[in-house]
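Asker: need a 3D model of the sequence below.
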Amino acid sequence: MWNGTGYGGLVTTNVEWNPYVSEKYKFKRAFLQGMDAGKIWAAADAGSPPAFWRRQTGLNAFGGGNALAFAADGMTVFAGTGQFGWPAKFSTEGVVLSVDAGDTWSYACGYPNISGTVQVNALCITPQNISNVWAVFQDGRLYYSDDRCTSWSIVSEVNDTVTDLVCPQAGTPSADSPNPADVEIYAAGRLGVYALGPTWGTWVHIPAGPQAWQYSTNWCRLAPVDAPEPKLVCANAFWDKWHSGLWTLNTTAAKANVTGAQWDNPIKGDKSVYRWAGAPGTAGRVQAWASNENPFPEASDTTGVWLSTDSGSTWSAQLRGLRMRRVSALEFSPDGRLLVAGLNGGGFFAADTAALLA
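Answerer: Residues are numbered from 1 along each chain as shown. Just a heads-up that it's a prediction; the model follows:
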């Protein structure tokens, strides 16, 4: 049963938990992001779901939030903002920074000299060394900075329209290295998935995986680290019947032989698969995916949130109490007990999955 939280009409973009803790917040803090005046919200308590939230301060009224990247100190958080190329006096644009775990925010750096809006669509940092920043802007190209995004250079070997970045995860060896060459990071684009890491020193295209097109989104996440084997899971959506669905990749095998890496066939052929989440502590047994659509038709044919308790073998729709089936954000809490869905214009909703973990 879903229960709503926060803004009833928020156009949601992202929900994440900071994987690190700090002296100030001795729990993994939850973050909500939305467009327009939705901005960035951070949980002020460790409840499940949190009962108290702090809304960002220090930025313009509009501009929203689109992406998050967390440093290992638990206090430093980068965020991507911007939308529609609105004038700077109205809208926050570019990369912003918090040094107090998300209570207050300021502009972090400049942005590359590109035409159009400077909306940030995806963002990653090296958790132990915040000098290293990767970002995808509205032009769809991947940029890199080694000076905390004071200056940018385009990543030429990823000559693609990038739709998502997968950041180094807390608790993995690559996340603890300050050397960019040892960072394991993935970029998903229209032509497939690219990887940088460990010690490769350059980006490599992983062939034969999910691909996108003009209106589709190739969006990926690493499965929880307690899964039987490290996997990259990609949700490929928006009416592309040839590549839609969930795709999985054994990352250990891919590191050994990138060009020979084998993708699993889509485990769900729904053409509107947009987000995926795995419940920590279940070794891949409990996972969920959600649907969205773009452009929006007059009558929505998306199917909402689907849940599996048998490692993706079977799925069941979870719609009771969900006010909308267009879902733009999806994530489990760190203890795996809470599944949060961000609706595309309907705010954030949470469902208690404790009974599934028994």
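Asker: other residues contacting the helix or strand harbouring residue 80?
Answerer: Element membership for residue 80 (DSSP states H and E) is strand 77-81. Counting by C-beta atoms under 8 Å, 6 or more residues apart in numbering, strand 77-81 makes contact with 18, 31, 33, 40, 59, 63-71, 91-98, 101-102, 105, 108, 119-123, 125, 130, 133, 135, all of which sit outside it. Where you see a C-beta, it was placed from the backbone N, CA and C, and this is true even at glycine.
Asker: at 7 Å instead, please
Answerer: 18, 40, 63-70, 92-98, 101-102, 108, 120-123, 125, 135 (C-beta atoms under 7 Å, 6 or more residues apart in numbering).
Asker: my guess is residue 304 contacts residue 289. True?
Answerer: No: between residue 304 and residue 289 there is no contact under C-beta atoms under 7 Å: 10.0 Å.
Asker: the more surrounded of these two?
Answerer: Neighbour count, other C-beta atoms under 10 Å: between residue 304 and residue 289, residue 289 has more, with 27 against 19.
Asker: pull the contacting residues for the closest residue to residue 204 other than its chain neighbours.
Answerer: Distance criterion C-beta to C-beta, 6 or more residues apart in numbering; nearest residue to residue 204, sequence neighbours excluded, is residue 258 at 4.9 Å. By C-beta under 7 Å, 6+ apart, the residues touching residue 258 are 195, 204, 206.
Asker: surely the last one and residue 197 touch.
Answerer: No: counting by C-beta under 7 Å, residue 206 sits too far from residue 197 to count as a contact (11.9 Å).
Asker: all strands for the stretch 151-300 of the chain, in order.
Answerer: 153-154, 162-166, 185-189, 192-196, 204-206, 217-222, 231-237, 245-250, 273-278, 287-291 (DSSP state E, counting those that start in this stretch).
Asker: and the contacts of the fifth one?
Answerer: What that stands for is strand 204-206. 192, 193, 194, 195, 249, 254, 258, 261.
Asker: so what's the last one closest to, chain neighbours aside?
Answerer: When you say that, I think you mean residue 261. residue 254 (3.9 Å).
Asker: am I right that residue 356 is in a strand?
Answerer: No: according to DSSP: H, G, I helix; E, B strand; the rest coil, residue 356 belongs to no strand; its state is helix.
Asker: any idea of the pLDDT on it?
Answerer: Per-residue pLDDT puts residue 356 at 74.
Asker: would you agree it is in contact with residue 287?
Answerer: No: in this structure residue 356 lies outside contact range of residue 287 using C-beta under 7 Å: 10.6 Å.
Asker: between the two, which is the more surrounded one?
Answerer: Shown here are residue 356 and residue 287; by other C-beta under 10 Å, residue 287 has more neighbours (26 against 16).
Asker: for beta bridges, what are the partners of the more buried one?
Answerer: Going by DSSP bridges, residue 287 is paired in beta bridges with residue 278, residue 308.
Asker: buried residues in stretch 251-258?
Answerer: 251, 254 (16 or more other C-beta atoms under 10 Å).
Asker: how far does that stretch sit from the chain's center?
Answerer: What separates the centre of stretch 251-258 from the centre of its chain is 23 Å, taken as C-alpha atoms, centre = their mean, to the nearest Å.
Asker: can you name the next helix or strand after the lowest-mean-pLDDT helix or strand in the chain?
Answerer: Here the helix or strand of the chain ranked lowest by mean pLDDT, DSSP states H and E is strand 2-5, holding a mean of 60. Per DSSP H and E, the first helix or strand lying C-terminal to strand 2-5 is strand 12-17.
Asker: the lengthiest strand in the chain vs strand 185-189, what angle?
Answerer: With DSSP state E setting the assignment, residue counts place strand 129-137 as the longest strand in the chain. Using axes from the mean of the first three to the mean of the last three C-alpha atoms, to 10 degrees, the inter-axis angle of strand 129-137 relative to strand 185-189 is 10 degrees.
Asker: wait, residue 92 touches residue 58, no?
Answerer: No: the criterion here is C-beta under 7 Å, and residue 92 misses it with residue 58 at 9.5 Å.
Asker: more neighbours: which of these two?
Answerer: More crowded of residue 92 and residue 58, by other C-beta under 10 Å: residue 92, with 24 against 13.
Asker: apart from its neighbours in sequence, what residue is nearest that one?
Answerer: In space, residue 92 is closest to residue 63, 3.2 Å off (C-beta to C-beta, 6+ apart).
Asker: ok, now residue 334?
Answerer: Residue 334 sits nearest to residue 28 (C-beta to C-beta, 6+ apart), 4.8 Å away.
Asker: tell me how many other residues crowd the one you found.
Answerer: Residue 28: 19 neighbours (other C-beta under 10 Å).
Asker: please look at it and residue 42 and confirm they touch.
Answerer: No: here residue 28 does not reach residue 42: they are 11.4 Å apart, not a contact under C-beta under 7 Å.
Asker: and residue 36, what does it touch?
Answerer: Here residue 36 is in contact with 11, 62, 64 (C-beta under 7 Å, 6+ apart).
Asker: same thing but at 6 Å, please
Answerer: Listed by C-beta atoms under 6 Å, 6 or more residues apart in numbering, the contact partners of residue 36 are 62, 64.
Asker: pull out the buried positions in stretch 35-43.
Answerer: Neighbour-count burial for stretch 35-43 flags 35, 36, 38, 39, 40, 41, 42, 43 (criterion: 16+ other C-beta under 10 Å).
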